[in-house]
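> Based on what follows, work out the 3D shape:
(2 chains)
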Amino acid sequence: MRLKEHGNVVIAATLVSILFLGLIGGGWYLFQWLGETEPLKADAQVVSPTRQTTLSEDVARKSVEMQLAVSQRVQTQKIELDPSAIEVALAAGYHLHDIGSTAWSDSEYAELTKLLKANPEIRKHLALDFRINTDPKKTKRLAAMLGQFDDEIITDVGLELALSGEQVSQKSGLSLLGKQQPHNIKARSAIVDILQVESTPEILVSALNAVAVPPKVNVTHQQELLTQFETLSLNEDARVRSHSMAMMARWAGKTDVNQYLLQGLNDSDPSVRKTAAYSLMKTRYLTDDVKQQLLTRTQDNSELKRTREAALLALERFNLSDDEQQQLNNIRRNIQQRRPSNSAN
Amino acid sequence: MKLISKSLSQNLYRSVLIASMATLAVGCGSSSSDDTVGVEDNTETTDTTDTTDTETLVEDMYSLDSTWANNSLLSEGGQHGNSSYTKGVQRILFCLGYHPENQTSINGFADGIFGPNTKAAVEDFQAEPALGDIIAVDGIIGPETWGKLQDIVELDQPVDVGNGYESRSIQTANNKCGTEAQFYQNVSDPYDWKMAKTPGSTVMVQFSINGPNQD
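Okay, the predicted model is just below:
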């Protein structure tokens, strides 16, 4: 009897030990999941001193302030993360950390979109996963997926990365904000801020790409963006000038931006002239000046083939006399004939 | 990424094909009715995320522009997003290597549906700095993207497949698509292009009917 009692005590003690170890292990697992110890991929490089020298003092201060504020908000979100999202995702057949690690089909994309739409906590998890992710392919997938949603945490993560001062992280953040901005005013506002404070050409190009799709129903930020594009159209880097032309035409609406596009059409860099010619296809102000300058561009045999073709397409929208039309037909034929020898253009 | 031209005629064919595709796509925009004979409509109904926008309505930048109307572009959700035009572009993108890594068959990727994967592939293509080219990355196939495709794509030598048609395959540096026929051209009409229903087959579907120089 005593022996039996002793046996029961041993069994009970063993069970308690297993339970205790399970609790410790589970707690540690959860702690890892919540990402309390995971550093932001760019934590060590937040607005480096080297970068600050490229910004004016005020702008640098604004940038640092913006990042500090947004980092604080992201940290709060991490603390409040609901671990039940893991179970919900598992029930739907997803391991949260694996989402976006491999390519998905269009139907899988649609399914996952549906799951995220119904589960804001899973979106929050993924946003924080995006924050620490270093796989560029996963970054692209998650940006496309998360960018569909308007959660503040998604915008915050995008902004935090975009302001990190580390180029890969900055581009990741901008790609996320870019997906959000057509339907999210805060994301767009963040990009406007970044365009104001940033000076590195590669990042400026990414920031300009982030506003490549103007919202269909929006006037907010239009003038602010146009002002930025005007400033950037004078940037010393041709890529920045070229992109600012393209974006200006997309965001112009009723604003006449012809003077900037014509300035681009006469730029010293051929790629800027090409983009300006394409951008002039979108102008709603079909003036004689624009027509003449486009005609001049089409007649220039030393010009890039694609610039000439773009100018020809842009001219199709103008009222042309029979003579002018005939002239364009001749030029078009001339370009077609020159195509093989010009194919490298 | 830029491929070296093999012959003048090859380049000419290549240019004509892409220009035909582009011109037709543009032509679609200026047409009030759907007169794009033979274009396969692969319209699907997908569940889209509710992205309610409460901001003030302004006109869409394309909608007042008769030449470059929205429907002249290939985009996700656009009028010709799901069509044989998209299928043609998907084939080119696949052969150039722009597709999801788990999509290893051209027919699996080139389904004529402009979904998220096609959009991502277009974005990757647009972001490709080949030729030092700089174009906006928006996942939409518009005039600049057509232009970039025109610069990069090269079709292989034509093969006589009878009935007055020659077939063309898409040549790339990695020979990804081999010699499988992707496009067909009517020998008597340099602007009459058809597309293989299945790459490698001789079954054709209407792809483009008008060329850039009708004058």
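> What parts of the stretch 1-150 of chain A come near chain B?
A:102-106, A:109-110, A:113-114, A:117, A:137, A:140-141, A:144, A:148-150 (C-beta under 8 Å from any C-beta of the partner chain). Every C-beta, even on glycine, is put in place using the N, C-alpha and C of the backbone.
> Sort out which of those residues are buried, if you could.
Neighbour counting with 16 or more other C-beta atoms under 10 Å in any protein chain shown marks A:103-106, A:109-110, A:113, A:117, A:140-141, A:144, A:148-150 as buried within the residues of the stretch 1-150 of chain A next to chain B.
> can you give me the helices in chain B?
Using DSSP state H, the helices found in chain B span residues B:8-30, B:84-96, B:106-109, B:116-127, B:143-152.
> Please look at residue A:138 and residue A:100 and confirm they touch.
Yes. Assessed by C-beta atoms under 8 Å, residue A:138 is found in contact with residue A:100 at 4.5 Å.
> Comparing the two, which shows the higher neighbour count?
Remark: of residue A:138 and residue A:100, residue A:100 carries more neighbours, 24 against 19, as counted by other C-beta atoms under 10 Å in any protein chain shown.
> Quick one: name whatever helix or strand follows the helix or strand bottoming out on mean pLDDT in chain A.
Using mean pLDDT, DSSP states H and E, helix A:49-52 stands out as the lowest-scoring helix or strand of chain A, at a mean of 42. Downstream of helix A:49-52, the first helix or strand assigned by DSSP states H and E is helix A:57-79.
> Any buried residues in that following helix, and which?
Using 16+ other C-beta under 10 Å as the test for burial, helix A:57-79 gives A:60, A:62, A:63, A:64, A:66, A:67, A:70, A:71, A:74, A:77.
> same for the helix or strand just after it, what does it pack against?
Downstream of helix A:57-79, the first helix or strand assigned by DSSP H and E is helix A:84-91. Applying 3 or more C-beta pairs under 8 Å, 6 or more residues apart in numbering or on different chains; DSSP states H and E, one finds that helix A:84-91 makes contact with helix A:120-132.
> leaving aside the residues next to it on the chain, what's closest to residue A:280?
Leaving aside its chain neighbours, residue A:280 sits nearest to residue A:314 (4.6 Å; criterion: C-beta to C-beta, 6 or more residues apart in numbering or on different chains).
> what about the one you found, neighbour count?
28.
> Got phi/psi on it?
Per-residue torsions, residue A:314: phi -60, psi -40 (degrees, to the nearest 10).
> pretty sure it is in contact with residue A:295, am I right?
No. Because the distance of 10.2 Å does not satisfy C-beta under 8 Å, residue A:314 is recorded as not touching residue A:295.
> tell me the pLDDT at residue A:342?
Looking at residue A:342, its pLDDT reads 35.
> Ok, residue B:9 next?
Residue B:9 is assigned 44 on the pLDDT scale.
> Could you do the one 10 residues further on as well?
Model confidence at residue B:19, given as pLDDT, is 47.
> contacts for stretch A:112-121?
For stretch A:112-121, contacts defined as C-beta atoms under 8 Å, 6 or more residues apart in numbering or on different chains pick out A:81-82, A:84-85, A:88-89, A:92, A:94, A:99, A:104, A:122-123, A:126, A:145-146, A:148-149, A:151, B:47, B:49-50.
> let's see 6 Å
A:82, A:85, A:88, A:92, A:122, A:123, B:49 (C-beta atoms under 6 Å, 6 or more residues apart in numbering or on different chains).
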